[in-house]
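**Q** sequence unavailable; structure follows:
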Ligand SMILES: [Zn+2]
Ligand SMILES: [Zn+2]
């Protein structure tokens, strides 16, 4: 039996890899899920937005369709952790995404450590976007993300899974709060652009470890000469 | 019995913390050593240079004296891994530190993944430096490292322990190769400035995981507003 370490966010791959166009999946989902039961990421060839909730991985495709991800699907970049089901939750009402981010950062001193964030509730509005699947030879992330389908629903009940990562780790991870949504029907979700939360239960989990795993057996990754000065600029363009 | 994971470098604290003057030790050495038997770092109040070899931790003090570190000594920043004693070694002769760094980087594609480096041999020259212990209120790292005692020996036999960390993790870690030395007599060592290797056995260990642990219970760390733009400049000044 695996011990569920509730103090660690496990990340496979780096955001900088994606920025450089290294979109090839390098870890099967089944292996990723041996490190956590909640998380977010993307799939091989940047094929949509991953949302992992209670051990099940959903992929929101560029069509807007949601599919459950097969265990052997290769993942280039994802973060997972074991959700602490005993963590206290806070009921929060009538707040938009910007104000909620500010509140979470302020209430929890979200500066220098890692946090898992999970929100279950009713959203009077939810607005998402989904990265489109890319073909080889892969472009850079800024090109791949220039046109992204967006989706919106009103009065939708579902779950947000996300992280706060310190800006010190920007480049390895997304700095600040990065969260994905999946509705209860598992037919709508994606990377969150904005929302209006009507009523939700928010839990914040302090994660004292980042287990950063790298695809050491991927030759393209091992040998890539990534321009780190460019990475920062490109992240700003692609992720915001 | 603990399983010795030979694929992970475990790091407690971040370089950026030190840059900001957070020199307080936050993990007992005994706990650090439960994550690896080789490594480098510093001690509470920036009290000298740590070199961990085969499970024993040595502290090179600003006087040049070397002491074995007590298990309850608090560590603010250190990296450790389990040395793979089965890893192949390469005999290398008559090379200086610059040329050896270039060779290691070129031969091993040291760009994007983590590497443990260990060299045992005879050095016709070894030149080290030791950070001086600081008093509270702690200054910034650039101030603390402005004057550092240096030490030199010729024809010394000993061990280098160090890491290559991808520049993507600069700020969390030291980017590039960072190594410390301890002689066989355990009475000379420190942070390496330069050397001439006469003859040595070099082993390089690919580490596919960085387990970055943060001192989440240290209030000063949790609440510090670290200026990350300044961190890069200050690292260049303090570490080179
Ligand atoms: Zn996203
Ligand atoms: Zn050093």
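**A** That came through, no problem. Just so it is clear, the model here is predicted, and its values are computed rather than measured. Numbers count the residues shown, from 1 in each chain, chains lettered A, B, ... in the order given. Ligands and ions are numbered 1, 2, ... in the order given.
**Q** C-alpha from now on. contacts and neighbour counts both.
**A** Will do.
**Q** ranges for the strands of chain A?
**A** Residue ranges of the strands in chain A, as given by DSSP state E, are A:8-12, A:27-28, A:38-42, A:49-53, A:56-60, A:66-68, A:74-75, A:77-81, A:90-96, A:114-129, A:150-165, A:176-183, A:189-207, A:209-213.
**Q** any chance of those in TSV, with distance to residue B:19 too?
**A** Listed next are the strands of chain A as TSV, based on distance: least, Cα to Cα, whole Å:
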stretch	distance to residue B:19
strand A:8-12	25
strand A:27-28	35
strand A:38-42	31
strand A:49-53	36
strand A:56-60	39
strand A:66-68	45
strand A:74-75	35
strand A:77-81	28
strand A:90-96	36
strand A:114-129	20
strand A:150-165	19
strand A:176-183	21
strand A:189-207	23
strand A:209-213	20
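**Q** buried ones in the helix or strand of chain A with the lowest mean pLDDT?
**A** Here the helix or strand of chain A ranked lowest by mean pLDDT, DSSP states H and E is helix A:228-239, holding a mean of 84. By neighbour count on 16 or more other Cα atoms under 10 Å in any protein chain shown, the buried set for helix A:228-239 is A:231, A:234-235.
**Q** how close does the most centrally placed residue in chain A sit to residue B:18?
**A** Centrality entry for chain A: nearest residue to the mean C-alpha point is residue A:40, 3.1 Å, by Cα atoms, centre = their mean. Per Cα to Cα, to the nearest Å, residue A:40 is found 31 Å from residue B:18.
**Q** ditto for residue A:101
**A** Using Cα to Cα, residue A:101 is found at 28 Å from residue B:18.
**Q** those two: which is more packed in?
**A** Neighbour totals were compared for residue A:101 and residue B:18, and residue B:18 leads with 25 against 17 (other Cα atoms under 10 Å in any protein chain shown).
**Q** so the more buried one makes contact with residue B:141?
**A** Yes: the criterion here is Cα atoms under 8 Å, and residue B:18 meets it with residue B:141 at 6.0 Å.
**Q** just to revisit the earlier point, among the strands of chain A, which is nearest residue B:92?
**A** Closest approach to residue B:92 among these (Cα to Cα): strand A:209-213, 30.7 Å.
**Q** is that closest one in proximity to chain B?
**A** Yes: interface with chain B: strand A:209-213 contributes A:209-213 (Cα under 8 Å from any Cα of the partner chain).
**Q** quick check: the farthest pair among these?
**A** Spatial extent of these (Cα to Cα) is set by the pair A:209 and A:213 at 12.3 Å.
**Q** show me what counts as buried in stretch A:24-33.
**A** A:24-30, A:32-33.
**Q** which ones among the residues you listed lie within helices?
**A** Those of the buried residues of stretch A:24-33 mapping onto helices are A:29-30, A:32, per DSSP state H.
**Q** let me have these in a markdown table, adding distance to chain B and pLDDT as columns.
**A** Conversion of those to a markdown table gives the following (distance: Cα to the nearest Cα, whole Å; pLDDT from 0 to 100):
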| residue | distance to chain B | pLDDT |
| --- | --- | --- |
| A:29 | 18 | 98 |
| A:30 | 18 | 98 |
| A:32 | 14 | 98 |
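**Q** out of the residues you listed, flag the one nearest to residue B:45.
**A** Of all these, residue A:32 has the smallest distance to residue B:45: 38.7 Å, by Cα to Cα.
**Q** report the contact partners of that closest one.
**A** By Cα atoms under 8 Å, 6 or more residues apart in numbering or on different chains, residue A:32 lies in contact with A:12, A:80.
**Q** so what sits opposite the closest residue to residue A:11 other than its chain neighbours in the bridge?
**A** Nearest residue to residue A:11, sequence neighbours excluded (Cα to Cα, 6 or more residues apart in numbering or on different chains): residue A:79, at 4.2 Å. Under DSSP bridges, the beta-bridge partners of residue A:79 are residue A:11, residue A:40.
**Q** now do residue A:79, the pLDDT please.
**A** On the pLDDT scale, residue A:79 is placed at 98.
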